[in-house]
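Asker: Sequence first, then the predicted structure, then my questions.
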Amino acid sequence: MGVRRYLVGRAAQCIVVWFLIVTFNFVLFRVMPGDPRMALLHQNLDPSVRQQVEEKFGLNLPLWEQYWLYLLNLFRGDWGRSFTISRNTPVVEIVFGGRLVNTLALMGASLLLSTVIGMLIGVFAASRRNSPLDRSSVVFFLVTYSMPVFWSGLLILLYLGFYLKLIPLFGTFTHYAEHANFLEFAVDYLWHMTGPMIVLTLSFIGSFFLLMRDTVLDVFTKDFMEAAKAKGLSERKILYRHAMRNAMLPMISVIAVNMTYLISGATVTEQVFTWPGLGQLTIQAVVNADYPILQGIFLLMATVVVVSNFVADIIYAFADPRIRYGEKQK
């Protein structure tokens, strides 16, 4: 009963937070400097035409009416239309089109690789604390974690792309219709994704490694680890069944926070490699003052963050027996 009350409370909090984010998303683009209407209305436009355009988009209404209209359109799936990038194209089609798929593929592969590799090496390094392997891995992953992605991306483009010709210099792959079959398209797609995936994996892996290593070292100080050793269990079982399993709890929060990257993408990395994802779309929208697209991207990112944290709370409730909100200790 305590877990149910805890989850209901967390769900209510997520709904309140989401509505606050939606409200902030509405207000933000109305207090920013500049007038986004200039992308639709020109200075020398006929006043009658200007009035018709303002009435069409509700720009002449009071702020509270615009907010109410914004909420109605939001729940109807109407997120507005692009001002400049794809003029008069629905934002939903732009955001949820091929760019979202490209970002999910790139970020999903990078996060999966960095999470698995970082956790496994972190556990192994913690089991050999202060050894040459442990020290060298800490130094290496601290360096990769600290490297700016635009710098490491340019280095990879220079050496792996320009000198060695192992990866393409640009992330623009040919369309599926231009390939003989799906396998040929998948190979071309993955080949163009290799460069940005390497950069992002190196960027993410350091945080997962350092957190897992430190958490495992903390778990080694617990009494149940001594009990496991006293039972005569092998080092491998102690390391992966007991230490790694208990060290996974803090990783749940970190993975949930990083889930937003699945949608937002790595803006700088996508721009360096010209990868056609949501990160590159964000830069284009900022440059062209295409506020409806920015509003749609931010709303999608915020929704993913709220949902990811709620899913992490659910996992915590069942993975950690100490969470029993509402139940009194007897």
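Answerer: Here it is on my side, so go on.
Asker: So which bits of the host helix or strand of residue 116 are buried?
Answerer: Following DSSP states H and E, one finds residue 116 within helix 98-127. Neighbour counts over helix 98-127 (16 or more other Cβ atoms under 10 Å) mark 99-100, 102-103, 105-107, 109-111, 113-115, 118-119, 121-127 as buried. Every residue, glycine included, has its C-beta placed from N, CA and C.
Asker: for the record, mean pLDDT for that helix?
Answerer: Mean pLDDT, computed over helix 98-127, is 90.
Asker: Does anything pack onto it? Which helices or strands?
Answerer: helix 132-146, helix 182-219, helix 244-258, helix 261-264, helix 278-287 (3 or more Cβ pairs under 8 Å, 6 or more residues apart in numbering; DSSP states H and E).
Asker: switch to 6 Å and redo it
Answerer: Here helix 98-127 touches helix 182-219, helix 261-264, helix 278-287, going by 3 or more Cβ pairs under 6 Å, 6 or more residues apart in numbering; DSSP states H and E.
Asker: What residues does the residue nearest to residue 133 when sequence neighbours are not counted make contact with?
Answerer: Leaving aside its sequence neighbours, residue 133 sits nearest to residue 125 (Cβ to Cβ, 6 or more residues apart in numbering; 6.4 Å). Residues near residue 125 by Cβ atoms under 6 Å, 6 or more residues apart in numbering: 134, 137, 213.
Asker: any idea which of those residues has the most stuff around it?
Answerer: residue 213 (25 neighbours; other Cβ atoms under 10 Å).
Asker: Residue 122 is in contact with that residue, correct?
Answerer: Yes: counting by Cβ atoms under 6 Å, residue 122 is a contact partner of residue 213 at 4.1 Å.
Asker: what helix or strand does the nearest residue to residue 260 once chain neighbours are set aside sit in?
Answerer: Nearest non-adjacent residue to residue 260, counting by Cβ to Cβ, 6+ apart: residue 305, 4.9 Å away. Using DSSP H and E, residue 305 maps to helix 291-319.
Asker: Which of the three states applies to residue 236?
Answerer: Following DSSP: H, G, I helix; E, B strand; the rest coil, the label given to residue 236 is helix.
Asker: Can you report how many residues lie near it?
Answerer: Residue 236 has 9 nearby residues by other Cβ under 10 Å.
Asker: ok, residue 122 - contacts?
Answerer: 209, 212, 213.
Asker: Let me see the contact set for residue 277.
Answerer: Contacts of residue 277 by Cβ under 6 Å, 6+ apart are 99, 102, 103, 265, 270.
Asker: Quick one: those residues as CSV, columns for distance to residue 279 too.
Answerer: Below are these laid out as CSV (distance: Cβ to Cβ, whole Å):
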residue, distance to residue 279
99, 9
102, 10
103, 7
265, 3
270, 4
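Asker: and the two most separated of the residues you listed?
Answerer: Spatial extent of the contacts of residue 277 (Cβ to Cβ) is set by the pair 99 and 270 at 9.5 Å.
Asker: Residue 205 against residue 114, yeah?
Answerer: Yes: if you go by Cβ under 6 Å, residue 205 and residue 114 touch, sitting 4.0 Å apart.
Asker: burial of residue 131, as a residue count?
Answerer: 11.
Asker: For it, give me phi and psi.
Answerer: Per-residue torsions, residue 131: phi -80, psi 170 (degrees, to the nearest 10).
Asker: Just want to check the distance between it and residue 138.
Answerer: Distance, residue 131 to residue 138, by Cβ to Cβ, to the nearest Å: 11 Å.
Asker: now swap in residue 125 and tell me
Answerer: 7 Å.
Asker: now do residue 235
Answerer: On the measure of Cβ to Cβ, residue 235 and residue 138 end up 21 Å apart.
Asker: more crowded one of the two?
Answerer: residue 138 (16 against 9).
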